[in-house]
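A.B. asks: Have a look at this fold, sequence not included:
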């Protein structure tokens, strides 16, 4: 669609709704705008950067919808009058572009009684020959009573009563309506952020989109700006333009441009909530004797096999043989623990962690020996997640080779991964659908996770736990990985495990770098 939108009729300018725009950007939508329009979910939500043209793309879709005889009415709700006027202008522009003549554009004053007070609302309406209309309303929830069609709630985080507004809008779904929610963030405690987190946690069955400013630029936003302003786009000027935009927003850039709610520090899950989900099951801790890594391979294997048979096997024998099982593992070698957290899925879909294994200063081969010993004996084993960063990559890879790629996921922990996978884990605590070992160190690991720049993660600080081990939230990450694994659909694969192998890893493997924990350093993550 490489056409240029023409000027609107003079009558529309005289109506005060449309200001003259002689030249317009070519009406070719960018990828994120197309993705939004193509999503046919009945309810869809987007957290976005400012000024990336999302409302403009929504206007394009709404105009096409209302102009069709098979379409429906559109009810646009912004939090201030200027937003309503802008949306109506954009819809009128799109109507002209589609060669769909609007029957009329009008301003209507509606009067209602609130208590003893008469109040008026200005609404802006475009009527189409199809019989449908686009109407821009104020944000009072009562305005949607008795309406039918598509509701567009723009900058939802800034509405005074978003919860009530959504409640009224969702009632339109009964007769085939649609609800589109568009907004930048306005704080971590805002109902809009709660809505986004509920969708991520699976509590709300809606579609969720997310577009940051840099993502929009990468998909062509600066090119469109240059087309509008008559400039030639170059990479150097684009970088300078982006830097200038971020400089303008200064301390608010995280929220306004990067979709990170502000004021979101503090512990992620409360102590009371964690303790309420704890049950009396064991945490099995193993630290080999001093100099263990220099023992011959057969002695190391025999030492660990003895511990496994005496300590781990009795716990494995108590697992319910009828339930599906899996595990999560956070890898550490010298500086941090390795933690293996098996789980079983109960009939009511609660995820029970029947025990936890913490390994301190255990050589690589013996970590593999312990992991395979446990996984081989899990009833109906169907899913495992392993931390595959740094030194953990080898163990994640050999686990995948042993149990198959459909069962084992090698997880590269990142900000994006945490953002997408932490909400369901926290929701399990809130809903009472998770059971974990009653252990003070593991409780403190979960408490160590903080919300930083809108994302739950671990700070750089380490501590010494009650068990005497140096800790960096390791069991929190293993449980997060395990819970995510538990959400996968089970796939039964027949396999026969081979005999234990004694091949050694390269003795020069770099363990001192402790590369497996670099992301958990906040300064590295930000």
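C.D. replies: Structure's in. What do you need? Quick caveat, the model's predicted, so the values are computed rather than measured.

A.B. asks: List the buried residues for stretch 224-237?
C.D. replies: By neighbour count on 16 or more other CB atoms under 10 Å, the buried set for stretch 224-237 is 224-227. The C-beta positions use only the backbone N, C-alpha and C, and glycine is treated the same way.

A.B. asks: Relative to residue 250, which of the residues you listed is nearest.
C.D. replies: residue 225 (20.7 Å; CB to CB).

A.B. asks: Quick one, grab the pLDDT at the closest one.
C.D. replies: Note on residue 225: pLDDT of 91.

A.B. asks: and if you look at residue 389?
C.D. replies: At residue 389, pLDDT is 89.

A.B. asks: Relative to residue 432, how far out is it?
C.D. replies: 32 Å (CB to CB, to the nearest Å).

A.B. asks: higher neighbour count, the two?
C.D. replies: Applying other CB atoms under 10 Å to residue 389 and residue 432 shows that residue 389 carries more neighbours, namely 21 against 11.

A.B. asks: pretty sure residue 126 is touching residue 132, no?
C.D. replies: No: the criterion here is CB atoms under 8 Å, and residue 126 misses it with residue 132 at 9.5 Å.

A.B. asks: Would you confirm that residue 90 contacts residue 59?
C.D. replies: Yes: with contact defined as CB under 8 Å, residue 90 and residue 59 form a contacting pair (3.7 Å).

A.B. asks: Which one's more surrounded, these two?
C.D. replies: residue 59 (25 against 20).

A.B. asks: ok, now how distant is the more buried one from residue 127?
C.D. replies: 16 Å.

A.B. asks: buried sites along stretch 242-256?
C.D. replies: 242, 245-246, 249, 253-256.

A.B. asks: Mark which of the residues you listed are part of strands, please.
C.D. replies: Among the buried residues of stretch 242-256, none falls in strands (DSSP state E).

A.B. asks: which of these sit farthest apart?
C.D. replies: 242 and 255 (16.9 Å).

A.B. asks: Now distance to residue 237 too, for the buried residues of stretch 224-237, in TSV please.
C.D. replies: As requested, the buried residues of stretch 224-237 are exported to TSV (distance: CB to CB, whole Å):
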residue	distance to residue 237
224	14
225	10
226	8
227	14
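
A.B. asks: ok, of the residues you listed, which one's closest to residue 344?
C.D. replies: residue 224 (52.5 Å).

A.B. asks: so which helix or strand takes in that closest one?
C.D. replies: helix 221-229 (DSSP states H and E).

A.B. asks: my guess is residue 367 meets residue 360, correct?
C.D. replies: No: contact criterion CB under 8 Å: residue 367 and residue 360 do not qualify, at 11.0 Å.

A.B. asks: Below-threshold pLDDT in the stretch 51-200 of the chain: ranges please.
C.D. replies: The stretch 51-200 of the chain contains residues with pLDDT under 70 at 100-122.

A.B. asks: for stretch 339-359, which positions count as buried?
C.D. replies: Across stretch 339-359, burial judged by 16+ other CB under 10 Å covers 339-345, 350-359.

A.B. asks: Likewise for stretch 74-92?
C.D. replies: 74-79, 83-92.

A.B. asks: Which two of those have the greatest separation?
C.D. replies: Farthest pair in the buried residues of stretch 74-92, by CB to CB: 79 and 92, 21.2 Å.

A.B. asks: Just give me the residue right at the centre of this protein.
C.D. replies: residue 420 (3.1 Å; CA atoms, centre = their mean).

A.B. asks: Nearest residue to that one in space, please, no chain neighbours.
C.D. replies: residue 200 (6.5 Å; CB to CB, 6 or more residues apart in numbering).

A.B. asks: and the one you found, how many neighbours?
C.D. replies: Neighbour tally, residue 200, other CB under 10 Å: 19.

A.B. asks: Then residue 167?
C.D. replies: 12.

A.B. asks: Please confirm that it is located within a helix.
C.D. replies: Yes: applying DSSP: H, G, I helix; E, B strand; the rest coil, one finds residue 167 inside a helix.

A.B. asks: what's near enough to touch the residue lying closest to it once chain neighbours are set aside?
C.D. replies: Excluding the flanking residues, the one nearest residue 167 by CB to CB, 6+ apart is residue 141, at 7.0 Å. Residues near residue 141 by CB atoms under 8 Å, 6 or more residues apart in numbering: 161, 164-165, 167-168.

A.B. asks: What is the host helix or strand of the residue nearest to the centre of the chain packed up against?
C.D. replies: For residue 420, the host element (DSSP H and E) is helix 415-431. Helices and strands touching helix 415-431, by 3 or more CB pairs under 8 Å, 6 or more residues apart in numbering; DSSP states H and E, are helix 191-200, helix 271-276, strand 455-457, helix 474-486.

A.B. asks: if we can go back for a sec, how about the buried residues of stretch 242-256 in a markdown table, adding distance to residue 321 and pLDDT?
C.D. replies: Output for the buried residues of stretch 242-256, formatted as a markdown table (distance: CB to CB, whole Å; pLDDT from 0 to 100):
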| residue | distance to residue 321 | pLDDT |
| --- | --- | --- |
| 242 | 58 | 95 |
| 245 | 59 | 93 |
| 246 | 57 | 92 |
| 249 | 57 | 83 |
| 253 | 54 | 89 |
| 254 | 49 | 87 |
| 255 | 50 | 88 |
| 256 | 54 | 90 |
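
A.B. asks: Run a quick neighbour tally on residue 34.
C.D. replies: So residue 34, with other CB under 10 Å, has 13 neighbours.

A.B. asks: does it count as helix, strand or coil?
C.D. replies: Going by three-state DSSP: residue 34 is helix.

A.B. asks: For the nearest residue to it once chain neighbours are set aside, give me its contacts.
C.D. replies: With sequence-adjacent residues excluded and distances taken as CB to CB, 6+ apart, residue 34 is closest to residue 57, at 7.9 Å. Residue 57 makes contact with 29, 33-34, 36-37 under the criterion CB under 8 Å, 6+ apart.

A.B. asks: among these, which two are most distant?
C.D. replies: 29 and 36 (8.9 Å).

A.B. asks: Let me know the closest of the buried residues of stretch 74-92 to residue 290.
C.D. replies: Among the buried residues of stretch 74-92, residue 79 lies closest to residue 290 (CB to CB), at 65.5 Å.

A.B. asks: chain center to the helix holding residue 420, what's the gap?
C.D. replies: 8 Å (CA atoms, centre = their mean, to the nearest Å).

A.B. asks: Just the buried positions in that helix, please.
C.D. replies: Buried, per 16+ other CB under 10 Å, within helix 415-431: 415, 417-419, 421-429.

A.B. asks: before we move on, what about stretch 385-398?
C.D. replies: 385-396, 398.

A.B. asks: Over to stretch 190-203?
C.D. replies: Buried residues in stretch 190-203, counted by 16+ other CB under 10 Å: 190-193, 195-201, 203.

A.B. asks: Among those, find me the one that's closest to residue 261.
C.D. replies: Among the buried residues of stretch 190-203, and counting by CB to CB, the member closest to residue 261 is residue 193, at 4.9 Å.
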